[in-house]
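Colleague: Generate coordinates for the sequence data below:
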Amino acid sequence: MNISITHKLFFAILAAAGLAVISLVFIMQWNLSRGFLRYVNSLERSSVSRLVSRLEQSYGEDRNWLSIQQTPAKWRELVKISLPEDSPASGPQRRAMESYRRVPPPVVRHFMQRLFLLDARKKPLIAEAPIPAGAELTPVHFDGTVVGYVGLLPRTNISDDHQRRFLREQKLAFIVVAGVVVLLAAGLSLLLARRLVKPIAELAKATDRLATGDFTIRVSAEANDELGRLAQDFNALAEVLAKNEQARRQWVADISHELRTPLAVLRGEIEALQDGIRQPSPETIASLHGEVLRLGRLVDDLYQLSLSDLSAMTYRKFDLDLSEVLSAAVAGYRQGFASKDITVRAGIPGQPVAFWGDRERLHQLFANLLDNALKYTNPGGTLQITMEKSAGCTVISFQDSPPGVTLAESEKLFERLYRVDSSRNRSTGGAGLGLAICRNIVEAHGGTITAQPSPLGGLWMRIELPGKGRRS
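Modeller: Numbering: from 1, shown residues only. All right, here's what the predicted structure looks like:
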C-alpha cells in the first residue's frame, strides 16, 4: 500500500503527540491515586490525635482502661466521635471528609479494624488485627505519665465506595481531557504535515517536469530552512541544465556546419570531375587534398577534446625543462612568422625551469597558441612571449598586436567552436576547438589559462603553472 509522505508525517506527529498525552494521563492518574491515599492517611492520623485526647479524658475518669476494654460500645463511640466533622475545606478534601459522616458504619468499622490500643507496657488492650513490629504509636498521657499507646495501620488502598467513585470521576475527567487534546493534536498535525509537505510536493512536480526536458521550470525558494536551500539548489540545477542543453544544441549545430562545409566542397569538386566540367589537374587534386586535411584536423580536434572531457587523454609526466619545451615550440614557427613579417620577441630564461609534466602535451599547448597568433595577427605585427617565475608559480604570456578582441569576447574564447567574427573565419581559422584543448591541457597540469586584451593591441594569453608541477 502506497502511503503519501503527508500521511506518514501526519501519523508520525500524531503518534508522538498521542504517546505524550497517554503517558501524561497515566502518570497523573498514578500520582492522583498515591496522593489521595496519602491525603486519606493524613486525615486518619488527625482522627487518631483527637481519639488520644478523648482517651486521656476517659482514663482520667476511671484511672484505668477497664471500662473501655470491657465496654466495646464505649470504644466504638470514642472512635466515631473522633472522625472528621464539618470543615471549611472544599473540593476533594470536603468530599472526602463528608464521606465519613454520610456513611459512618462502614467507615467506622474499617477504621476500627486497623486501630489498636496498648497499655503503658505496650501490651494489646484492643486490637482486631496483628500489630506489626515498628508500627507508629501515639502515646496517651495522664498527669505527665504515659498510660498507653494508640496505633493505626495505614491504608494500602482506597476501599470506601465514595472515595473510589471520586477517583473514578477524576480519572475519567483526565481521559476526556486527553481525548480532546489528541483530537486537537490530530487537527494540528494534519495542518502542519500539509504545510511541511507542500514545498516537497512542488519540488516533486518540478522534478517530473525537469526529467521530461522542461528546463524552464523553477520553484519558490523563499524559506531560509533546508527546504529553501533545496529549492535554491534545484533552481541552480535547472539553470545549469538549461545552459548545457543550449550548449549541446549549439554544439551539434556548429559541428554539423563545420563538417558540412568541407564535405560540400569535396562533393562539388568530385561531381565536377565526374561530369567532366573540371579535369583532374594538380590544382584540383591539391584543392581536394586541402579540404580532406581540413576535415581531418577537425575530426582530430574533436577526438582530442572528447578524450580530455572523458579524462581519457593520456599524460606521461616526468621532470623536464619548461623553457626548453617553449623554445622548441617557438623555433618551429619562426619561419612562419617571418613569412608574414611578424616580429617575435621571446623573453625565455636561459637557465632551466624545472617542471613535472607531459612534454608532448605542453608542446601541443604552446604550438596551438603560436598557431593562433600566426593566423590572426596582421602582417607586420608583433608577438611577445615571456616566461617568469612568480610567487611559487611559472607565468607564461603570449601577447600579440592587432586585431584584438573585446573583454567580453576574450572571456568566451575557450568555449568550443567560438569564433570572433572580426578576426576568425574559415579561410584562416580552424573550428574553434584549439583553445578549448589548451585549457584542458593546462588544467591537467594544475594550472590556469586566461585571455584578455593585450597592451600591444591584440590578444594576451596568460598561463600560470604551479612551481615544479603537481605530482599525482
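
Colleague: Would you state the helices of the chain in chain order?
Modeller: In the chain, the helices defined using DSSP state H lie at 5-62, 66-70, 72-82, 91-102, 104-113, 161-211, 226-275, 282-309, 322-339, 359-376, 407-410, 434-444.

Colleague: Asp400 against Gln384, yeah?
Modeller: Yes: counting by CB atoms under 8 Å, Gln384 is a contact partner of Asp400 at 7.5 Å. The C-beta positions use only the backbone N, C-alpha and C, and glycine is treated the same way.

Colleague: More neighbours: which of the two?
Modeller: Asp400 (27 against 20; other CB atoms under 10 Å).

Colleague: Excluding chain neighbours, give the residue nearest to that one in space.
Modeller: In space, and not counting its chain neighbours, Asp400 is closest to Gly458: 3.8 Å by CB to CB, 6 or more residues apart in numbering.

Colleague: The nearest residue to Leu192 once chain neighbours are set aside and Gly179, how far apart?
Modeller: Closest residue in space to Leu192, ignoring its immediate chain neighbours: Ile13 at 6.3 Å, by CB to CB, 6+ apart. Distance, Ile13 to Gly179, by CB to CB, to the nearest Å: 17 Å.

Colleague: Neighbour count: those two, which is higher?
Modeller: Under the criterion of other CB under 10 Å, the comparison of Ile13 against Gly179 puts Ile13 first, with 18 against 12.

Colleague: Now for the more buried one: which residues touch it?
Modeller: Neighbour list for Ile13: Ala185, Ser189, Leu192, Ala193 [criterion: CB atoms under 8 Å, 6 or more residues apart in numbering].

Colleague: ok, of the residues you listed, which one's closest to Lys122?
Modeller: Taking CB to CB as the measure, Lys122 lies nearest Ala185 of the contacts of Ile13, at 58.6 Å.

Colleague: For Ile175, which non-adjacent residue is closest in space?
Modeller: Spatially, and ignoring its direct neighbours in sequence, Ile175 is nearest to Val25 (6.5 Å; CB to CB, 6+ apart).

Colleague: I figured the one you found hits Ala178, correct?
Modeller: Yes: using CB under 8 Å, Val25 is in contact with Ala178, at 4.5 Å.

Colleague: Any of the contacts of Ile13 buried? List them.
Modeller: Applying 16 or more other CB atoms under 10 Å to the contacts of Ile13, the neighbour count classes Ala185, Ser189, Ala193 as buried.

Colleague: Need these in TSV (columns: distance to Gln232 and pLDDT).
Modeller: Shown next, in TSV, are the buried ones among the contacts of Ile13 (distance: CB to CB, whole Å; pLDDT from 0 to 100):
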residue	distance to Gln232	pLDDT
Ala185	33	82
Ser189	28	81
Ala193	23	77
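
Colleague: Next, format those residues as TSV and append distance to Leu210.
Modeller: Below are the buried ones among the contacts of Ile13 laid out as TSV (distance: CB to CB, whole Å):
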residue	distance to Leu210
Ala185	37
Ser189	31
Ala193	25
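
Colleague: of the residues you listed, closest to Lys8?
Modeller: Ala193 (8.4 Å).

Colleague: quick one, what contacts Phe398?
Modeller: Counted by CB under 8 Å, 6+ apart, Phe398 has contacts Leu369, Leu370, Ala373, Leu383, Gln384, Ile385, Leu459, Trp460, Met461.

Colleague: any chance of those in TSV, plus distance to Gln113 and pLDDT?
Modeller: Output for the contacts of Phe398, formatted as TSV (distance: CB to CB, whole Å; pLDDT from 0 to 100):
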residue	distance to Gln113	pLDDT
Leu369	112	90
Leu370	117	91
Ala373	117	89
Leu383	120	93
Gln384	118	93
Ile385	116	92
Leu459	113	90
Trp460	111	91
Met461	109	90
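
Colleague: of the residues you listed, closest to His445?
Modeller: Distances from His445 to these, taken by CB to CB, are shortest for Leu369, at 14.5 Å.

Colleague: and the closest one, what is it in contact with?
Modeller: Taking CB under 8 Å, 6+ apart, we find Leu369 in contact with Phe398, Cys438, Met461.

Colleague: Adding distance to Lys198, write these out as a markdown table.
Modeller: Compiled in a markdown table, the contacts of Leu369 are given as follows (distance: CB to CB, whole Å):
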| residue | distance to Lys198 |
| --- | --- |
| Phe398 | 56 |
| Cys438 | 49 |
| Met461 | 52 |
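
Colleague: thought Leu413 was touching Gly434?
Modeller: No: counting by CB under 8 Å, Leu413 does not reach Gly434; the two are 9.8 Å apart.

Colleague: per-residue pLDDT, Leu362?
Modeller: Leu362 carries a pLDDT score of 91 in this model.

Colleague: Nearest spatial neighbour of it, chain-adjacent residues omitted?
Modeller: Val325 (5.1 Å).

Colleague: Return the residues in contact with the one you found.
Modeller: Residues near Val325 by CB under 8 Å, 6+ apart: Arg359, Leu362, His363, Phe366.

Colleague: So which of these is the closest to Asp341?
Modeller: Closest to Asp341, out of all of those and judged by CB to CB, is Phe366, at 21.8 Å.

Colleague: Can you get me a residue count around the residue nearest to that closest one when sequence neighbours are not counted?
Modeller: Nearest non-adjacent residue to Phe366, counting by CB to CB, 6+ apart: Ala329, 3.7 Å away. Per other CB under 10 Å, the neighbour tally for Ala329 reads 20.
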